[in-house]
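In: sequence plus the predicted model coming up.
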Amino acid sequence: MFSLPVPDGWQSGKSSLTERKLRYRYFNQTHKYYQRLANSRGNDRKILDPQHNESEEEDDGSDLEHYNKEERKYFKRYDKPQDSYEVWNNNSKKRRRVPLQRHMVSYSDVSEVEEYGKSQCSHLLHSNRKLVDDFHNRIDGYELLKEPAPIRHIDLKVIQTLTQLLHLNISRRNWGVAYRIFAQMIRLPEVDIRSIWNLGVEVMSHCPDNEGGYTREGSLDFLEWMSKVYSSRARFVEGINYKMAPAFRSGSRNHTPKYVTTLLWKSLVYAARQIFDEEDDAPLDALIEKIDEMLIIPTYMEDSEVWFIQAMAHVVKTDYLTRPDVNEDNERPYLDNALRNDVTTGIKSAEKCLAECSLRTGDGTSSFEYPEKYIRRQLRLLEDRIMKKDE
């Protein structure tokens, strides 16, 4: 019912490997033969291949090509549908001037290409009848819904049972039972924690120890542990077909992992509760200092969401310093120069972080959106508090 939280390829059997190898080899061989056929007739026919090169047309010993090479060639050619889209001009006159991207091919050529692809894959069709039938259905244009393969390995069976029980108890809000199940799962060496960290955060957030108070949640310690153990310096290779979104389960040199941004958001909420309810500003100061250190690293300095979280941290601190119930205390008079300087510095820091966030959002590298006008209006209200108190 639910996908198993195991690393990629851990549960892939020999049948699944042969199935992918058949698919990759068939499409690669038909593509190469079609290009050879088109060039021999002096035609410029091409299928959708934005990164086509001459090295793919060489008649080499393709039967001995490695499986990884076939896989990379396949996804380099077919896993980028955005490169095949046509630009639709809103102006009707421009649409008439730009011809449609279409290529004609005869039925005999299609049959010849298909027969060549089948002949090149014939040595792989000796596995089992079910695999052969599935392969023929795919090349005929059908894609049948396959039944999930039964799990016979004892370790995978245990993980499957625990995964189903974890989702079931979370849906029923049995947080105590869900916490014990999650504690058992993370101790299994076959379980990839990066695949279920969101479930663990939800369970720890509703742990009975955290209800009715503002104590530090165990989810913060769990997220901090993940951000320290799992590196964010991994290289993201576009030619690899990842089974899960890398931005969700890991980080790279180009994007921030989601468990890091979740850690920052939850830390901001916890610090805001502490500073307004317990009048303890130490967690908020520690968070601001931590994000300042993160923004030096290129991975985080280009992330607009991290800049926005830093801006919100400065807004929360400035709001706390300008609250009437705090500033009427005789021990901390509002007209004190040091306190007024802290408020002014906080507003300027928030505006600077918002400017950096807008800069990285506006250049098209990020799709992060936030209510800019509303936040700037709140900053103006904080400045008005200073003016009213100075009068």
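Out: Sure, I can see it. The structure presented is a predicted model; accordingly, all values stated were derived computationally and were not measured.
In: could you measure from the nearest residue to residue 265 once chain neighbours are set aside over to residue 200?
Out: Excluding the flanking residues, the one nearest residue 265 by Cβ to Cβ, 6 or more residues apart in numbering is residue 309, at 6.6 Å. Bear in mind the C-beta positions are built from the backbone N, C-alpha and C, glycine included. The gap separating residue 309 from residue 200 is 21 Å, by Cβ to Cβ, to the nearest Å.
In: neighbour count: those two, which is higher?
Out: Neighbour count, other Cβ atoms under 10 Å: between residue 309 and residue 200, residue 200 has more, with 23 against 20.
In: the more buried one reaches residue 183, doesn't it?
Out: No: Residue 200 is not in contact with residue 183 according to Cβ atoms under 8 Å; the separation is 9.1 Å.
In: what confidence value was assigned to residue 223?
Out: Residue 223 is assigned 90 on the pLDDT scale.
In: OK, contacts around it?
Out: 197, 201, 259, 260, 262, 263, 266 (Cβ atoms under 8 Å, 6 or more residues apart in numbering).
In: which element, helix or strand, includes the second one?
Out: Which is residue 201. helix 197-205 (DSSP states H and E).
In: got the buried residues for that helix?
Out: For helix 197-205, burial by neighbour count (16 or more other Cβ atoms under 10 Å) applies to 197, 199, 200, 201, 203, 204.
In: between those, which is nearest residue 250?
Out: residue 197 (10.6 Å; Cβ to Cβ).
In: what score does the nearest residue to that closest one once chain neighbours are set aside have for pLDDT?
Out: For residue 197, ignoring the flanking residues on the chain, the nearest one in space by Cβ to Cβ, 6+ apart is residue 259 at 5.3 Å. Looking at residue 259, its pLDDT is 89.
In: could you do residue 277 as well?
Out: 83.
In: other SSEs contacting the helix holding residue 201?
Out: helix 154-171, helix 175-185, helix 218-229, helix 258-277 (3 or more Cβ pairs under 8 Å, 6 or more residues apart in numbering; DSSP states H and E).
In: how about these in CSV, adding distance to residue 341?
Out: CSV is the format used below for the helices and strands packed on helix 197-205 (distance: least, Cβ to Cβ, whole Å):
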stretch, distance to residue 341
helix 154-171, 48
helix 175-185, 45
helix 218-229, 31
helix 258-277, 19
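In: would you single out the least confident of those?
Out: helix 218-229 - the lowest mean pLDDT of those, at a mean of 87.
In: put the alpha carbons of it into CSV.
Out: C-alpha atoms of helix 218-229 as CSV (Å, rounded to 0.1, in the frame of the first residue of the first chain):
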residue,chain,number,x,y,z
GLY,A,218,12.4,16.3,20.0
SER,A,219,11.8,17.0,16.3
LEU,A,220,14.2,19.9,16.5
ASP,A,221,17.0,17.6,17.8
PHE,A,222,16.1,15.1,15.2
LEU,A,223,16.3,17.6,12.3
GLU,A,224,19.5,19.0,13.6
TRP,A,225,21.0,15.5,13.7
MET,A,226,19.9,14.9,10.1
SER,A,227,21.4,18.2,8.9
LYS,A,228,24.7,17.3,10.5
VAL,A,229,24.9,13.6,9.4
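In: quick one: low-confidence ranges for the stretch 1-150 of the chain?
Out: 1-2, 7-16, 41-68, 70-89, 94-95, 98-104, 127, 146-149 (pLDDT under 70).
In: so which of the buried residues of helix 197-205 comes closest to residue 297?
Out: residue 197 (21.0 Å).
In: of all the contacts of residue 223, which comes closest to residue 168?
Out: residue 201 (18.2 Å).
In: any idea how far the closest one is from residue 182?
Out: 10 Å.
In: could you do residue 280 as well?
Out: From residue 280 to residue 182 the distance is 30 Å (Cβ to Cβ).
In: which of these two has more neighbours?
Out: The residue with more neighbours, out of residue 280 and residue 182, is residue 182; 22 against 14, by other Cβ under 10 Å.
In: isn't residue 311 right next to residue 358, touching?
Out: No: using Cβ under 8 Å, residue 311 is not in contact with residue 358, being 10.3 Å away.
In: more crowded one of those two?
Out: residue 311 (23 against 15).
In: please list all residues in contact with that one.
Out: 349, 350, 351, 353, 354, 357, 375.
In: residue 132: which element?
Out: helix 129-139.
In: which strands and helices lie in contact with that helix?
Out: helix 14-40, helix 107-120.
In: buried stuff in it?
Out: Buried residues in helix 129-139 (16+ other Cβ under 10 Å): 131, 134, 135, 138, 139.
In: of the residues you listed, closest to residue 29?
Out: Scanning the buried residues of helix 129-139 for proximity to residue 29, where the rule is Cβ to Cβ, the winner is residue 139, at 11.4 Å.
In: surely the closest one touches residue 25?
Out: No: taking contacts as Cβ under 8 Å, residue 139 lies outside contact range of residue 25: 11.5 Å.
In: is residue 218 in contact with residue 204, as I believe?
Out: Yes: using Cβ under 8 Å, residue 218 makes contact with residue 204 at a distance of 4.4 Å.
In: picking up where we left off before, so which of the helices and strands packed on helix 197-205 comes closest to residue 119?
Out: Using Cβ to Cβ, these put helix 154-171 closest to residue 119, at 37.4 Å.
In: give the buried residues for the closest one.
Out: 158, 159, 160, 162, 163, 165, 166, 167, 169, 170.
In: so what's the fifth one up against?
Out: With contacts taken as Cβ under 8 Å, 6+ apart, residue 163 has the following neighbours: 2, 4, 5, 185, 196.
In: in these, which residue is surrounded by the most others?
Out: residue 5 (23 neighbours).
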